[in-house]
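1. My questions concern the predicted model and sequence given below.
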Amino acid sequence: MLVASIGLFGLMSYTVSRRTNEIGIRMALGAQGADVMRQVLRESMILVAVGVAIGVATAYGAGRFLSTMLFGLAPNDVLTIAGATLIMVAVSGLAGFLPARRASRVDPMVALRYD
């Protein structure tokens, strides 16, 4: 989870820095900081949702193959998978919030001059 969170944070930070001009133009045209934050968080949570969907499907698929190596555990334990999913969504939400907060505080004049 740590690696996934660091990766998501890096990806979102990179995306926000690449889109500084766009964010500055939006804010110069009247977008509020909350609107910018909502947009960046939405993009981050879409990535998380896709990753969780792929991960859960893979976990259920791999459960059949790993069942011979699991002693005393069910291969598709719903509670464990749901707990891991909730933790991942919470940590990823925090990792997406930090770049979103930074994007919402961009000064439009500085962003328009950013190269």
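-> Now that the structure is in, tell me what you want to look at.

2. Model confidence score at Val50, please.
-> What the model reports as pLDDT for Val50 is 92.

3. what residues are up against it?
-> Taking CB atoms under 8 Å, 6 or more residues apart in numbering, we find Val50 in contact with no residue. In this view, the C-beta of every residue, glycine as well, is placed from N, C-alpha and C.

4. Quick check: which element contains it?
-> helix 33-66 (DSSP states H and E).

5. after that helix comes which helix or strand?
-> The C-terminal neighbour of helix 33-66 among helices and strands, as given by DSSP H and E, is helix 78-104.

6. pLDDT wise, what is the residue lying closest to Val36 once chain neighbours are set aside at?
-> Leaving aside its chain neighbours, Val36 sits nearest to Ser104 (4.6 Å; criterion: CB to CB, 6 or more residues apart in numbering). pLDDT recorded at Ser104 is 82.

7. Dihedrals phi and psi, Asp107?
-> The phi and psi values for Asp107, taken as degrees, to the nearest 10, are phi -80, psi 130.
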